[in-house]
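J.: Starting from these lines, generate the structure:
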Amino acid sequence: EKDFVVRISDREFWTDFFRDENVPAERWDDLLQAIDKSAREPREKTAEKLGDLADPVFATLKSGGKSAKLEQLVEGLRARGLADFVVIDVGIVRGLAYYTGIVFEVFDRAGKFRAIAGGGRYDNLISQLSDGAISLPALGFAMGDVVLGELINEIPRAREAIQKATANDRKIDIYVVIAKEQRRADALKQIQQLRDRGYRIDYPLTPTKVARQFQAAEDLGARVALLYGDEWPQVKIKNMATGEQQLIPTDNFMSRVESTLR
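T.: Next comes the predicted model:
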């Protein structure tokens, strides 16, 4: 988190703002473009584009705005131990009109480089491209490989992590089985701790039958599976090669997992 930051925003925050200000919908795209460029252009030029909305928009940018959706997103990231990597910045809008909700851009903390990556949610794009034949909400991003390469070259531990990851041909080390949805936040927190130590981990993004989760662990070649369920605050660890299972308490969770993976 000392090296980069993800600036997150929500285009719907601004469309709600426009509705409250009784702005005609046909002006929204132009106004969003002006807000998107506001950090890179002289204030006077942005004010000219915003017209009568200049003062309330500048006031909102200065105060940071309030968004329940963004706060909920940050809480989810906090559960994963990732909150220090993000900041809410409603000045991030993204210039393309197909974005419909959450948007983000990634920058180095030092401000030395241009945006490393950017993207967001687009719920209607696939429907528009398929003339309404397919309705499929989606989220995507693009990154600048040159900028990313320059940043990695400046951070020794990033270079070492890339070398370590590419030297390992195993698909994943650990599959996390979430047997009880109320344990998801606990699982996500420990997933991040394990990833910080270099382990490759996968887990179900939505509620999934336990049997299917164990099948996924086998299909992905996981060495161990961690099960979060009724036993919490203990976690069940299963050696996928031998089938051996045991309960491990959370107070020495990391050392027990690492000893099983040796």
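J.: quick one: residue 247 and residue 232 touch, right?
T.: No. In this structure, residue 247 is not within contact of residue 232 by C-beta atoms under 8 Å, at 10.2 Å. From N, CA and C alone the C-beta is placed, and that goes for glycine too.
J.: Those two: which has the busier surroundings?
T.: residue 232 (16 against 11; other C-beta atoms under 10 Å).
J.: Ignoring the adjacent residues along the chain, who's closest to the more buried one?
T.: Using C-beta to C-beta, 6 or more residues apart in numbering and skipping the chain neighbours, the partner closest in space to residue 232 is residue 183 (5.4 Å).
J.: same question, residue 194
T.: With sequence-adjacent residues excluded and distances taken as C-beta to C-beta, 6+ apart, residue 194 is closest to residue 201, at 5.8 Å.
J.: how many neighbours does residue 228 have?
T.: Other residues near residue 228 come to 26 when the count uses other C-beta under 10 Å.
J.: Find the nearest non-adjacent residue to it, please.
T.: Nearest-residue entry for residue 228: residue 183, 4.0 Å, with adjacent residues in sequence omitted and distances by C-beta to C-beta, 6+ apart.
J.: again with residue 150
T.: Using C-beta to C-beta, 6+ apart, the nearest residue to residue 150 is residue 113, at 6.4 Å.
J.: these two touch, right, that neighbour and residue 105?
T.: No. Between residue 113 and residue 105 there is no contact, the gap being 11.8 Å when judged by C-beta under 8 Å.
J.: So for these two, which sits in the more crowded spot?
T.: Neighbours per residue (other C-beta under 10 Å) separate residue 113 from residue 105, with residue 105 holding more: 23 against 16.
J.: Cool, thanks, talk later.
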